[in-house]
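Peer 1: Any chance you can model this:
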Amino acid sequence: MNSKHKKSARNFALAVALGALLAVPVIAAWKTGERLPDLGAFKLEGHLPALAGRVALVDFWASWCGPCKKSFPELDKLQQDYAGRGLTILAISVDEKAEAMETFLKDHPVTFATTRDASQKLVAAAGVESMPTSFLVDRKGVIRFTHVGFRGAETVKQLKQEIEQLLAEK
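Peer 2: Sure thing, here's the model as predicted:
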């Protein structure tokens, strides 16, 4: 291999290594085992459902997020399947403009509650850096599971198992 090819191969290896590092999901500031903060203190736009005594899935999303578009129908099905047993889903948009969120919701209507973090204070407090990111909270208000990203059927299967586990706990 001549020096030109060696340099190209080395640059390619560095690019692959850098890409792998950048692909590692960032862990959110909210940790499992911690209590979910009082969401009402963050002045979210929209109706904030009561979460006390319920299993809650708090999902951060954005209108520009491709995986969010795929996750919304799946989250809506989970809401419909488990709401009667005690699940509440709250989707919190991080869109800067309310119109972007409203357009997204027209194109992707759902039955679960949606709000907007206009001030970006809640998403900053949660340490969310990747969309979507969701937190599954037990009936006592403790964060039990965190999901960064949405991987279709794999994520749905995992969420169902975790929701079933939390609903079974008293």
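Peer 1: And the strands in the protein?
Peer 2: 55-61, 87-93, 113-116, 133-137, 143-148 (DSSP state E).
Peer 1: CA atoms only: put the last one into CSV for me.
Peer 2: Translated: strand 143-148. Extracted C-alpha coordinates of strand 143-148, given in CSV (Å, rounded to 0.1, in the frame of the first residue of the first chain):
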residue,chain,number,x,y,z
ILE,A,143,-38.0,7.5,37.8
ARG,A,144,-37.5,3.8,37.1
PHE,A,145,-36.4,3.6,33.4
THR,A,146,-34.9,6.0,30.9
HIS,A,147,-35.1,5.6,27.1
VAL,A,148,-32.9,7.6,24.7
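Peer 1: what lines up beside it in the sheet?
Peer 2: strand 133-137 (antiparallel) (DSSP bridges).
Peer 1: could you dump the strands of the chain to JSON lines with mean pLDDT, mean neighbour count and distance to Phe72?
Peer 2: C-beta: built from backbone N, CA, C; applies to glycine. Rendered in JSON lines, the data for these read as follows (pLDDT from 0 to 100; neighbours: other CB atoms under 10 Å; distance: least, CB to CB, whole Å):
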{"stretch": "strand 55-61", "mean pLDDT": "98", "mean neighbour count": "25", "distance to Phe72": "8"}
{"stretch": "strand 87-93", "mean pLDDT": "98", "mean neighbour count": "24", "distance to Phe72": "8"}
{"stretch": "strand 113-116", "mean pLDDT": "98", "mean neighbour count": "19", "distance to Phe72": "9"}
{"stretch": "strand 133-137", "mean pLDDT": "98", "mean neighbour count": "25", "distance to Phe72": "12"}
{"stretch": "strand 143-148", "mean pLDDT": "97", "mean neighbour count": "18", "distance to Phe72": "14"}
